[in-house]
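In: Based on what follows, work out the 3D shape:
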Amino acid sequence: MCYRLIFLGVAIALCMPLQAQELTDKQRNLAGRYAQLEQVLLRLAETSATANPRRATLLNQVLHESRDKLLVQRFDTLVNALERRQLTDAISGQTEIEADLLALLRLLENENRNERRDAEKEQIQEFLQDIEEILHSERTLRNQTRQQEAQNLPMLEETQRDIRMRAQALQDRMAEHEGWSPPGGSESGDSSEQSEQSEQSAQSPAQSGQGESQSEQEQSQAEQGQPQQSQPSREQSPHQQTLQRALERMRQAEQQLQQSEREGAIEEQEEAIAELQRLREELERILRQLREEELMQTLERLEERFRRMLRQEQTIRSQTERLISELERESSTDQRQIQIRADRLGIDQQAVIDDAEAVLVILREDGTAQAMVESLLQARFDMVEVKNRLERTALDAVTLHVIDAIIDALQEMLDAVQAAIEEARQRQENAESQQQQGNATAEEPLIQLLAELRMIRSMQRRVNERTVRYDNEIRRLLEQPDSDSSHLRQAVEELARQQNRISRILHELRIGRTE
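Out: Got it, this is the predicted structure:
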């Protein structure tokens, strides 16, 4: 046994160089492929910017995450570790990269989930429109039944049959809609196979006429004036069961109209209307859940972006302050290094500007957070000013003041988003009570009115502070006639536009509250 172990150890040692080289080559190949993938994502983001802003935003977010995590550099580090036979370090690095890649993959899958959710919302809205039309027709028929003479009631049977056939067509469309189920899924079946089984083996007599015994039972119930009670299959979702009950009530109403039984027909029509209203409420609840899910996802994306932008801006601020102190005490021979570092800070500031552009796409797509859009536009204008000042090595108190204004604006927007997330969670917890209050289809704004008013107040304060600063600069330029004032003229024009936009937003908010 001892000799065998020694032999096995030697064999492993002899094979080790060949295996390690193979692993190194494979790792190098993966590193190259991932670097190419980043380039592909960049091109896709650029080409999608106009046609599909949501996809471009998502791809840019993936790219930012990848670069923040330094994945390309870490792939190269793994190659170097394998070349030096540092297998422990390589295994640890591979495990970490695998986790980061899975996180990016989940982020990319958000697009598919968004598309599925949008398609589901659109389909539910179509169903709701059909239900409203059927409800209106059934109510009209009920009123006609009340007003019609008893001998003329059979004339309404055809109208009732037409309404039932429209409801039947709606039921068929709902059953044929693949993968359509309430959020949570367990009640409406776990797969499309269950839906097919439900259609083939669990259909009601109204759908397929399953057998003589059931037909005889229906006929017996009809003769006795009793409503046909379906035995819905377990695969049927609650809304399908509700619609099936409405269909059976309509069928009974047809028979009552044929027999000139006014009271019985009206009773069945009332029950059919009640079932259709319950179906509408069920679908509205599902639609509200989808909208809340979409709102929460948007808010979480905004929170992540604002948090990162705030962290980056705070870093730029601390490094700028350090450069200012170094500039005050360093000799002129070292100023070149300070300029290089200021240029790098300008590049970092551009990265924050890119993030702000991505957030603006999200906010404009939502369309309900006007004050936040304007606040971010104002902050973005300041970011550009900071970038230009850093590139000119204008390291002074004014630069710090503008950065502080950016940080204050980002912090305020982050607080507003976090408050909106908390409110959304409370709405989800109180979903049942909201359903009873009949608010199932109400569109919740991304940011509530109070938070928007706070942002407007902060924007106005920053406009006022900037007005004072520009006034001081203008007075200083008047004392120096040869100074270039073009940048200041553009800044003042932008300040005027900001003031006009603040006024417009306040006016629109007032109009909205009045309406």
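
In: Assign residue 394 to helix, strand or coil.
Out: Following DSSP: H, G, I helix; E, B strand; the rest coil, the label given to residue 394 is coil.

In: wait, what's in contact with it?
Out: With contact set as Cβ atoms under 8 Å, 6 or more residues apart in numbering, residue 394 has no partners. All C-beta spots, glycine's among them, are computed from the backbone N, C-alpha and C.

In: next one: residue 262
Out: For residue 262, the contact set (Cβ under 8 Å, 6+ apart) comprises 145-146, 148, 150, 153, 256.

In: By pLDDT, rank those residues and give me the bottom one.
Out: Across these, the smallest pLDDT goes to residue 150, namely 73.

In: Quick check: the gap between that residue and residue 419.
Out: Residue 150 is 63 Å from residue 419, where distance means Cβ to Cβ, to the nearest Å.

In: the more surrounded of the two?
Out: For residue 150 versus residue 419, neighbours defined as other Cβ atoms under 10 Å are more numerous around residue 419 (16 against 9).

In: could you say which helix or strand contains residue 426?
Out: Residue 426 is part of helix 397-429 when elements are defined by DSSP states H and E.

In: typo on my end, it should be residue 171
Out: helix 157-176.

In: buried stuff in that helix?
Out: By neighbour count with 16 or more other Cβ atoms under 10 Å, helix 157-176 contains the buried residues 157, 159-161, 163-164, 166-168, 170-171, 174-175.

In: out of those residues, who's nearest residue 356?
Out: Closest approach between these and residue 356, by Cβ to Cβ: residue 174, at 43.5 Å.

In: circling back: does anything pack onto the helix holding residue 426? Which helices or strands?
Out: In terms of contacts (3 or more Cβ pairs under 8 Å, 6 or more residues apart in numbering; DSSP states H and E), helix 397-429 is packed against helix 262-329, helix 370-391, helix 449-478.

In: and among these, the most buried is which?
Out: When those are scored by mean count of other Cβ atoms under 10 Å, the highest mean neighbour count falls to helix 370-391 (a mean of 22).

In: Find me the pLDDT at the nearest residue to residue 360 once chain neighbours are set aside, would you?
Out: Nearest residue to residue 360, sequence neighbours excluded (Cβ to Cβ, 6 or more residues apart in numbering): residue 376, at 5.9 Å. In this prediction, residue 376 carries a pLDDT score of 89.

In: So residue 376 is in contact with residue 359, correct?
Out: Yes: in this structure, residue 376 is within contact of residue 359 by Cβ atoms under 8 Å, at 6.2 Å.

In: Tell me where the protein is predicted with low confidence.
Out: Counting by pLDDT under 70, the chain has low-confidence residues at 1-20, 50-51, 53-54, 109-115, 177-236, 330-333, 366-368, 430-450, 481-486, 509-515.

In: Could you chop it up by domain?
Out: According to automatic domain parsing, the chain comprises the domains 2-117, 336-514.

In: tell me the most buried of those domains?
Out: Of those, the one with the most neighbours on average (mean count of other Cβ under 10 Å) is domain 336-514, at a mean of 16.

In: Work out the gap between it and the centre of the chain.
Out: In terms of Cα atoms, centre = their mean, to the nearest Å, the centre of domain 336-514 is found 22 Å from the chain centre.

In: before we move on, back to that, could you export the helix holding residue 171 as CSV, CA atoms only?
Out: Backbone C-alpha positions of helix 157-176 (Å, rounded to 0.1, in the frame of the first residue of the first chain) are rendered in CSV as follows:
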residue,chain,number,x,y,z
GLU,A,157,-83.2,35.0,-25.2
GLU,A,158,-81.1,35.5,-28.3
THR,A,159,-79.5,38.6,-26.8
GLN,A,160,-78.6,36.6,-23.6
ARG,A,161,-77.1,33.9,-25.8
ASP,A,162,-75.0,36.4,-27.7
ILE,A,163,-73.6,37.8,-24.4
ARG,A,164,-72.9,34.3,-23.2
MET,A,165,-71.0,33.4,-26.4
ARG,A,166,-68.9,36.5,-26.0
ALA,A,167,-68.1,35.5,-22.4
GLN,A,168,-67.3,32.0,-23.7
ALA,A,169,-64.9,33.4,-26.3
LEU,A,170,-63.2,35.4,-23.5
GLN,A,171,-62.8,32.2,-21.4
ASP,A,172,-61.3,30.4,-24.4
ARG,A,173,-58.8,33.3,-24.9
MET,A,174,-57.8,33.2,-21.2
ALA,A,175,-57.3,29.5,-21.3
GLU,A,176,-55.2,29.7,-24.5
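
In: Not counting its neighbours along the chain, what's nearest residue 424?
Out: Nearest to residue 424 is residue 296, by Cβ to Cβ, 6+ apart, at 5.1 Å.
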